[in-house]
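Enquirer: here is my input, please return the structure:
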Amino acid sequence: MALKEQTLTATKKIKRVTVHDVARVAGVAIGTVSRVVNDAPSVTEEVRSKVLKAISELGWTPNAAAQGMRGVSARMIGFIFSDIRNPLYSSMVKGAEDALSDKGYMLVVASSNSQPEREVALVKLFTRRRADGLLFTVEEESDADMLQTIKAARFPVVLIERELALPIDTVGADHFNGTRQATEYLLSLGHRRIAMISGGKTNRVGRDRLSGFLQAHQHAGVPVDRELLRLDSFATEYGFRETQVLLGMSKRPTAIISSGMHLLSGVLEAVRMKGLDIPGDISLITSNDTELARLATPAISVIRYDPYALGREAALQLLRRIARETPVEPIRIEIPTEFVLRQSCSPPRS
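Expert: The predicted structure is shown next:
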């Protein structure tokens, strides 16, 4: 009998409090407990008070989110980017992760698939999960719902390669000077009809690249034919189609700047289909140093930067913002670009 009583006592001692116990004591459904823990706005204050009181009485600690209600940091940073297939983001994630792990933070990544409504949902999710901060490459800089969601977020945000009409830190590559330098080089070779294929004309990257391209022409006193500007997408198919259109013009370009990692393969395929030679018939410069750019014949000149350094610097700035070690005013940080000359450029044929 003594042994049985001892076993029962031990069983009582190790019984774990669960969400079911909290729901029973508070007199609510299990889903309501979950909504309170995740700070859902649909819960009334009366119900919220009952649940929180039950949690306190039972000593229930479900997860990091519940700890967050008592003011304990989750030690978690979110990272939202547009396309998980883009290898640039994997390098940025690695740079950010290395910087954050040194300080004891976990990095949680999410892909928005370039959908603004999904970005809004992800920001709200990180808010409910009590993230300490967010790294973000927003798809549409002017999206009203996104702007409102970020303003309502209870954590600091650092934008990567983007800028918003909000007082938020931003970290990006110096695309302006990289593109300007590449364009100046082509102009110095004698090119006067230089095409540019790119996307992102409504975001920081696209604007900076176009500004660098236009400034180089302006300083050289060379007018820009707007028909040579194709700025609507970073997709491979877009690069293929628009290169075909450009090379089919009666007065075709003598050089192309392909600004976007996925564009290059489409551009090269279109040039090959036209039976043209690089650089004899057309000079070519691309952005982002990929295997394709290095291994193509001839190797393609590139405007490149270090995405690992970009991700790391963004994470370090976010840590400084969390620790309140930086001025209140938003900061813009730029990672340098460099123009790497290979064998894909030559003076235009007369």
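Enquirer: now do the SS call for the closest residue to residue 136 other than its chain neighbours.
Expert: Counting by C-beta to C-beta, 6 or more residues apart in numbering, residue 136 lies nearest to residue 80, which is 5.1 Å off, once chain neighbours are set aside. Placement of C-beta: from N, CA and C, glycine included. Put simply, residue 80 is strand when judged by DSSP: H, G, I helix; E, B strand; the rest coil.
Enquirer: what sits against residue 80?
Expert: 109-112, 119, 122-123, 126, 134-138 (C-beta atoms under 8 Å, 6 or more residues apart in numbering).
Enquirer: mind doing that once more with 6 Å?
Expert: 110, 112, 122, 136 (C-beta atoms under 6 Å, 6 or more residues apart in numbering).
Enquirer: so which residues of the stretch 101-250 of the chain form strands?
Expert: Remark: strands assigned in the stretch 101-250 of the chain by DSSP state E, counting those that start in this stretch are 106-111, 133-136, 157-160, 169-173, 194-198, 229-230.
Enquirer: touching, residue 43 and residue 35? I think so.
Expert: Yes - taking contacts as C-beta atoms under 6 Å, residue 43 lies within contact range of residue 35: 5.1 Å.
Enquirer: run a quick neighbour tally on the nearest residue to residue 152 once chain neighbours are set aside.
Expert: Counting by C-beta to C-beta, 6+ apart, residue 127 is the residue found nearest to residue 152 once chain neighbours are left out, at 7.8 Å. Counted with other C-beta atoms under 10 Å, residues neighbouring residue 127 total 18.
Enquirer: for residue 124, same thing?
Expert: 14.
Enquirer: report the separation between it and residue 94.
Expert: Separation of residue 124 from residue 94 (C-beta to C-beta, to the nearest Å): 26 Å.
Enquirer: what's the answer for residue 216, then?
Expert: With C-beta to C-beta as the criterion, residue 216 and residue 94 are 33 Å apart.
Enquirer: so those two - more neighbours on which side?
Expert: Under the criterion of other C-beta under 10 Å, the comparison of residue 216 against residue 94 puts residue 216 first, with 22 against 15.
Enquirer: can you check the pLDDT for the more buried one?
Expert: For residue 216, the pLDDT comes out at 98.
Enquirer: nearest to residue 298, of the contacts of residue 80?
Expert: residue 112 (36.8 Å; C-beta to C-beta).
Enquirer: partners of the residue nearest to residue 136 in the sheet?
Expert: Note on residue 80: beta-bridge partners residue 110, residue 136, judged by DSSP bridges.
Enquirer: my guess is residue 182 contacts residue 339. True?
Expert: Yes - judged on C-beta under 6 Å, residue 182 makes contact with residue 339 at a distance of 5.1 Å.
Enquirer: neighbour count winner among these two?
Expert: residue 182 (29 against 18).
Enquirer: what about the more buried one, distance to residue 108?
Expert: Distance from residue 182 to residue 108, by C-beta to C-beta: 36 Å.
Enquirer: tell me which residues touch residue 305, please.
Expert: Neighbouring residues of residue 305 by C-beta under 6 Å, 6+ apart: 173, 335, 337.
Enquirer: which of these has the most neighbours?
Expert: residue 173 (26 neighbours).
Enquirer: show me what residue 195 is bridged to.
Expert: With DSSP bridges as the rule, residue 195 is bridged to residue 256.
Enquirer: can you give me the pLDDT of it?
Expert: Reported pLDDT for residue 195: 98.
Enquirer: again, but for residue 344
Expert: Reading off the model, residue 344 has pLDDT 97.
Enquirer: look up the closest residue to residue 320, ignoring the ones flanking it.
Expert: residue 326 (4.5 Å).
Enquirer: okay, now the one you found: neighbour count?
Expert: 16.
Enquirer: that one and residue 319 touch, don't they?
Expert: No - contact status for residue 326 versus residue 319: not in contact, 9.7 Å apart, counting by C-beta under 6 Å.
Enquirer: now do the SS call for residue 17.
Expert: Going by three-state DSSP: residue 17 is coil.
Enquirer: so it versus residue 254, what's the distance?
Expert: Distance from residue 17 to residue 254, by C-beta to C-beta: 74 Å.
Enquirer: who are the contact partners of the residue lying closest to residue 52 once chain neighbours are set aside?
Expert: Nearest residue to residue 52 in three dimensions, chain neighbours excluded: residue 36, at 6.8 Å (C-beta to C-beta, 6+ apart). By C-beta under 6 Å, 6+ apart, the contact set of residue 36 is 43, 48, 51.
Enquirer: what's the first one sitting at in phi/psi?
Expert: Phi and psi for residue 43, reported as degrees, to the nearest 10, are phi -90, psi 130.
Enquirer: what about it, how many neighbours?
Expert: 17.
Enquirer: what's the pLDDT at it?
Expert: So residue 43 comes in at 81 (pLDDT).
Enquirer: do the last one as well
Expert: At residue 51, the predicted lDDT confidence score is 90.
Enquirer: which other helices and strands contact whatever helix or strand it lives in?
Expert: Here residue 51, judged by DSSP states H and E, is contained in helix 45-58. The contact analysis (3 or more C-beta pairs under 6 Å, 6 or more residues apart in numbering; DSSP states H and E) places helix 45-58 against helix 19-26, helix 30-37.
Enquirer: pull out the buried positions in that helix.
Expert: For helix 45-58, the neighbour count (16 or more other C-beta atoms under 10 Å) marks 47-48, 50-52, 54-55 as buried.
Enquirer: gap between it and the chain center?
Expert: 38 Å (C-alpha atoms, centre = their mean, to the nearest Å).
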